[in-house]
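Q: here is a sequence with its predicted model. Questions after.
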Amino acid sequence: MALLSHYIDSRTNAGLTTDNSLTFAHGLPSDPDFCGIQYITNITTTTNNYNLAAYSDATNVTVINNGNTTSPDFRVVSIVFHSIMR
């Protein structure tokens, strides 16, 4: 299981305001194969329009809110698939 932490990075972030971005270093050995965004705050209304997108490179993950409302708190999970999974 310790090996998995070498290939998986998970970060919890506060909500991201409209047209803003957040960049953090992922600490993985290469460019992530997958970056997923999971909202961790209960969403009580469907009228909010937030649109989070994640982009990554060999050192950083950037999350951008392209919507017109501040997003709820969220978690970004970045994964580099091990050669056995490829």
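A: Noted; the coordinates are in hand.

Q: so for the chain, the centremost residue is which one?
A: Centroid-nearest residue in the chain, with Cα atoms, centre = their mean: residue 76, separated by 2.7 Å.

Q: who does it form a beta bridge with?
A: Going by DSSP bridges, residue 76 is paired in beta bridges with residue 11, residue 37.

Q: report pLDDT for residue 22.
A: Residue 22 carries a pLDDT value of 94.

Q: one more: residue 52?
A: 91.

Q: pull the number of nearby residues for it.
A: The criterion is other Cβ atoms under 10 Å. On that basis, residue 52 has 20 neighbouring residues. (C-beta placed from N, C-alpha, C; glycine too.)

Q: for the residue lying closest to residue 57 once chain neighbours are set aside, which residues are in contact?
A: Nearest non-adjacent residue to residue 57, counting by Cβ to Cβ, 6 or more residues apart in numbering: residue 31, 5.8 Å away. Residues near residue 31 by Cβ atoms under 8 Å, 6 or more residues apart in numbering: 56-58, 80.

Q: what's the helix or strand for residue 31?
A: Secondary-structure assignment from DSSP states H and E places residue 31 in no helical or strand segment.

Q: so for it, what's the pLDDT?
A: 92.

Q: residue 42 too?
A: pLDDT, residue 42: 71.
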